[in-house]
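A.B. asks: Provide a 3D model corresponding to the input given below.
(chains A, B and C)
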Amino acid sequence: MDVEELVRLLYEDIPRRSSELTHIWAVFWANFKIFLSYRSWVITETLSTVASIAMYSFMGLQVAPDKLSGIGYGDVDWLAFALIGVATANYLWMCISRISHSMLNEIREGTLEYIVSTSIRMRSYIIGQSIRGFLVSGYFMAGVILVGLFLLKVPLVVTFETILSFLMIITLMVGSYVGIGVMIAGIILVYKRGDPLTFLFASITEFLGGVLFPIGYLRSYPLLWSLAWLMPYTYALDAARYILLVGGSLTSPSILNDIIILVVYTFITIPIGFKVFKWGYNRIRAEGTTATY
Amino acid sequence: MKDEQIIQLLSEKIFLRKTSTPRMVASFVIRDFKVWWSYKLWTSLDVAGTVFSVVTYYLFSLITTSQQVQEAGYSVGGYFTFALIGIAFQRYVSFAVEGINDSIRDEQWNGTIETILSAATDFKTFLLGEVCFSFIISTAFLIISMLVGILLGASFNITLLSIPSAILMSFLLISSHMAVGVLSTGIIMKTKEGNPLTWAFSWITQLISGVFYPLNLLPWYLGWLGRLFPLTYTLDGIRLCLQSGQTLFSPAVISDVASLIIFTLAATPIALFVFKKGYNAARRDGSLGQY
Amino acid sequence: MKYAVEAFNLTKAFKGEIDNGERGVVKAVDQVNLKVREGELFGLLGPNGAGKTTLIKILCTIILPSEGTAKVNGYDVLEESEKVRSSFGWFHGETGGRSLYWRLSAEDNLRFYAYLQNVPRDVAEKRIDAFLEFFDLMKDRRKLVKDYSTGMKVKVMLARALLHNPPILFMDEPTIGLDTLSSVETRRLLKTLNTELGKTIIFTSHNMFEVEQLCERVAIMRSGKIIIDSSITTLKDTLRDIRAIEVDIRDSKNPDEIIQRLSQMPMVIKILEIRNRADNLFVRLQVEDEYEAIPQITERLHSFGTKIQSIRQVEPTFEDIFVKLTGKE
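C.D. replies: Predicted coordinates for the structure are as follows:
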């Protein structure tokens, strides 16, 4: 093909129509393909997930059963209790850390800078990245629960209804964290480091959310107790445990209460998150550090 | 400066002397420290994360019994002290190993690795420099974890000799894990995919080195596998020293020490060999500066 | 008259290190006023660090100016950045191919960016095929970009900048990393896009020869300021004035005599520089017509038995041009 032929092709001026859906899909699809190219990461991550479940099952051998009764989920097996905590907390952490990880890569490789110069809105970029994060992390969450159910025979209430309810709660949990995730992304844009932030996020969630121990033990520390109930995760975990441990339905008052709070969080944090992101975005444009190659 | 002046400057005969290895290592450590110090906010986040994970296991210990821990021979402190030692030292090594990997990857990313390796530094010095810094930082984190644990009421059974014994065990831990760090770095240089490997390593050690539970709770094959990892011996030795007041002179501790020494002696040459292979492979592919 | 690009007192100050480690404000772009007509092929010249890339990045809405503003395609870069972004294609040669997704193939990269630029699917496929064929990448189209050579990456980046057929092209060092043949082809493509489709092209380079061949108007930047903004004919005249000839002579037993003989030649205007070290003589001269001068000087020196190691025409440095055009040192 020579120059003239190529230029002739560009003669026809096709109208370009901006479609946010196409943008979101393009970002999702490109990042998903990149994710698949890290095959060894997927494999080792899967293995380490399995190893972590095995670890919790051994830890459970040291738990005194009498200290777990009376926490509101009936006569509960610690491993079942912890498994739901671990599955949801890991899911949340992974969503957020994956997004921050790939954004950092994009800054370092200069692709983010180029994306900023195109017609895509930052909103679509974040949504596309997040969908990828949710799906990939969903694979690991499903893995944790399936290994627990089938290999370790953990007693969970599994019916069509509880699965649907559980997925519903997970969706609400994700909704309530979108704003926080976007906020973290905005901070990472400016400071160009993600690990400590996501690590802190993970350890706070694990600690205050009551992943490994009943949150009731925090009651003797009023400050921690109230901080714990400030995190949307605590509500999501409580609802998820009610559903999978006791077989509670979405319409029961305590779960309904959790759902309302998650929805409220969603509406409060999303605008704040995007504000912070916009701050970060404008700040790196002012500093000229959209790329650090 | 005129070119004549530069030529004159360069034609001056200087007696070239090799910079001594400790000086070289020190210059690496100082450089890394400066880079690290420039991220103060992140350091404080790291500290906060460490504190939270200790507190999490304190609260978990409230629902456990100490029966299994005592049966395993760690008489004082119960589950919390047991887990505290486990977490603190496990994080110590995984931090250090990850730290080495990260610094190599950063160098690759910034494109500085090619410059450093071409600046007449032999690769052992280079590695030693990278490794030393990670261990210094991880030691600080170890001390923080232990202090938080003590504040939360971890109790110990120690004698005058058991503390130095525990410190000696820590040094053995370092030397054995240097090999692990170097080995994984060699693999990263070639594959450019390091983190999964160290991650898997840190999960496997958590699973079978007795970080969160005594080894006798594991099925026999996992317990046997656990004996291949140096962390297992270190944790056992340190717990015997700090929880049961034993010292370097008690037979159980001596056997731990001997195992660690054997591991280090066997693993170091293998690690250096793998690193050199990876480094040469990366140079052959011309992908040293790539990530 | 419609302008494709207008800049009004555009200034960008970065906090950073100035001399000897002190922190201060560095003005990467300093009070730049610029107007580029629609359909113009405009060259932006300058040494490294002159502020060309920062200026382009401000026009691309990637960097926010500290003062002043600019319009691209009639839209303000601060107020209407979304409209600005659909008006241009950007190529940034300095990245050395980093701004692509290395873990995607060339065609996946192009598809991704085509969608971000709102190119309809079928049109995108047609254009991707055409560009890959033009740049001779057809057989490697499914290979991951990380396995490409720098030149191949540059080609993918060029295709990316042109895929959505924008009216304005910011070409920041577009021939960096390309082999000679590919750069000739690329320059021809840009020229044709300009003449046939009326694209406005802003072309930056530190290679004067390239700009001279391609552009109609040239601005030269130094330390963030546009020092010279002139038509290419003026620049060519200036260049002709200050182009020099350099001669290396080996085993020069009597340098003074050689220099005297050279200066006696009618076409030699001035001897600019003489260096003499260890029997090697280096002379830089300004001549009337460099094409005539080379054979004449060679012949003359030869007739005295002087051994010429090399003789060549050299491009003037930016400093030379600044001095010539502004009359300031």
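
A.B. asks: okay but residue A:254 is in contact with residue A:243, surely?
C.D. replies: No: with contact defined as C-beta atoms under 8 Å, residue A:254 does not reach residue A:243; the gap is 10.8 Å. Just so you know, the C-beta spots here come from the backbone N, C-alpha and C atoms, and that holds for glycine as well.

A.B. asks: Mind checking which of the two has more residues around it?
C.D. replies: Using other C-beta atoms under 10 Å in any protein chain shown, the more surrounded residue of residue A:254 and residue A:243 is residue A:243, with 27 against 12.

A.B. asks: Relative to chain C, how far out is the more buried one?
C.D. replies: 39 Å (C-beta to the nearest C-beta, to the nearest Å).

A.B. asks: contacting residues for that residue?
C.D. replies: A:157, A:162, A:165-166, A:169, A:249-250, A:255 (C-beta atoms under 8 Å, 6 or more residues apart in numbering or on different chains).

A.B. asks: who wins for most neighbours among the residues you listed?
C.D. replies: Neighbour counts for the contacts of residue A:243 (other C-beta under 10 Å) peak at residue A:169, which has 26 neighbours.

A.B. asks: Make a markdown table out of the contacts of residue A:243 and add secondary structure.
C.D. replies: As requested, the contacts of residue A:243 are exported to a markdown table (DSSP: H, G, I helix; E, B strand; the rest coil):
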| residue | secondary structure |
| --- | --- |
| A:157 | coil |
| A:162 | helix |
| A:165 | helix |
| A:166 | helix |
| A:169 | helix |
| A:249 | coil |
| A:250 | coil |
| A:255 | helix |
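
A.B. asks: Show me which of those residues is closest to chain B.
C.D. replies: Each of the contacts of residue A:243 was checked against chain B using C-beta to the nearest C-beta; the closest is residue A:157, at 22.0 Å.

A.B. asks: Quick check: the gap between the closest residue to the closest one other than its chain neighbours and residue A:238.
C.D. replies: Spatial nearest neighbour of residue A:157, excluding adjacent residues (C-beta to C-beta, 6 or more residues apart in numbering or on different chains): residue A:247 at 3.9 Å. Residue A:247 is 15 Å from residue A:238, where distance means C-beta to C-beta, to the nearest Å.

A.B. asks: Have a look at the two and say which one is more surrounded.
C.D. replies: Using other C-beta under 10 Å as the criterion, residue A:247 and residue A:238 rank with residue A:238 on top: 22 against 16.

A.B. asks: Looks like the more buried one contacts residue A:257 (just checking).
C.D. replies: No: Residue A:238 lies out of contact with residue A:257 (C-beta under 8 Å); the separation is 9.2 Å.

A.B. asks: count of neighbours near residue A:175?
C.D. replies: With other C-beta under 10 Å as criterion, residue A:175 counts 18.

A.B. asks: Confirm that it sits in a helix.
C.D. replies: Yes: per three-state DSSP, residue A:175 lies within a helix segment.

A.B. asks: and stretch A:110-120 with chain B, contact?
C.D. replies: No: Stretch A:110-120 lies out of reach of chain B by C-beta under 8 Å from any C-beta of the partner chain, never closer than 12.2 Å.

A.B. asks: how about stretch C:6-13 as CSV, C-alpha atoms only?
C.D. replies: The C-alpha coordinates for stretch C:6-13 follow below in CSV (Å, rounded to 0.1, in the frame of the first residue of the first chain):
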residue,chain,number,x,y,z
GLU,C,6,-3.7,29.6,19.0
ALA,C,7,-1.7,30.1,22.2
PHE,C,8,-2.1,33.2,24.3
ASN,C,9,0.7,33.9,26.8
LEU,C,10,1.0,30.3,27.5
THR,C,11,3.2,29.5,30.4
LYS,C,12,4.0,26.4,32.3
ALA,C,13,6.1,26.5,35.4
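
A.B. asks: who's in contact with it?
C.D. replies: With C-beta under 8 Å, 6+ apart as the criterion, stretch C:6-13 contacts A:288, C:25-36, C:51, C:54-55, C:58-59, C:63, C:65-71, C:224.

A.B. asks: Could you list the buried residues of it?
C.D. replies: C:6-8, C:10-13 (16 or more other C-beta atoms under 10 Å in any protein chain shown).

A.B. asks: Need the residues you listed in TSV (columns: pLDDT).
C.D. replies: Output for the buried residues of stretch C:6-13, formatted as TSV (pLDDT from 0 to 100):
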residue	pLDDT
C:6	94
C:7	94
C:8	93
C:10	93
C:11	93
C:12	92
C:13	90
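
A.B. asks: What's the ChimeraX syntax to select whichever of the contacts of stretch C:6-13 are buried?
C.D. replies: A single ChimeraX command selects the buried members of the contacts of stretch C:6-13 (16+ other C-beta under 10 Å):
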select /A:288 /C:26,27,28,29,30,32,34,36,51,54,55,58,59,63,65,66,68,69,70,71,224
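
A.B. asks: Output the contacting helices and strands for the host helix or strand of residue A:52.
C.D. replies: For residue A:52, the element it lies in under DSSP states H and E is helix A:39-59. Packing partners of helix A:39-59 (3 or more C-beta pairs under 8 Å, 6 or more residues apart in numbering or on different chains; DSSP states H and E): helix A:78-109, helix A:122-146, helix B:195-208.

A.B. asks: Would you check how far apart whichever residue of the stretch 101-250 of chain A sits closest to chain C and residue C:102 are?
C.D. replies: Proximity of the stretch 101-250 of chain A to chain C (C-beta to the nearest C-beta) peaks at residue A:110, 3.7 Å away. For residue A:110, the distance to residue C:102 (C-beta to C-beta) stands at 11 Å.

A.B. asks: cool, residue B:203 as well?
C.D. replies: 28 Å.

A.B. asks: what number of residues lie near residue B:151?
C.D. replies: Residue B:151 has 12 neighbours, counted by other C-beta under 10 Å.

A.B. asks: Same question for residue A:93.
C.D. replies: Neighbours of residue A:93 (other C-beta under 10 Å): 18.

A.B. asks: got the contact list for the residue lying closest to residue A:61 once chain neighbours are set aside?
C.D. replies: Closest residue in space to residue A:61, ignoring its immediate chain neighbours: residue B:217 at 5.2 Å, by C-beta to C-beta, 6+ apart. Counting by C-beta under 8 Å, 6+ apart, residue B:217 touches A:58, A:61-62, B:68.

A.B. asks: Let me have those in CSV, extended by neighbour count.
C.D. replies: Below are the contacts of residue B:217 laid out as CSV (neighbours: other C-beta atoms under 10 Å in any protein chain shown):
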residue, neighbour count
A:58, 21
A:61, 15
A:62, 23
B:68, 18
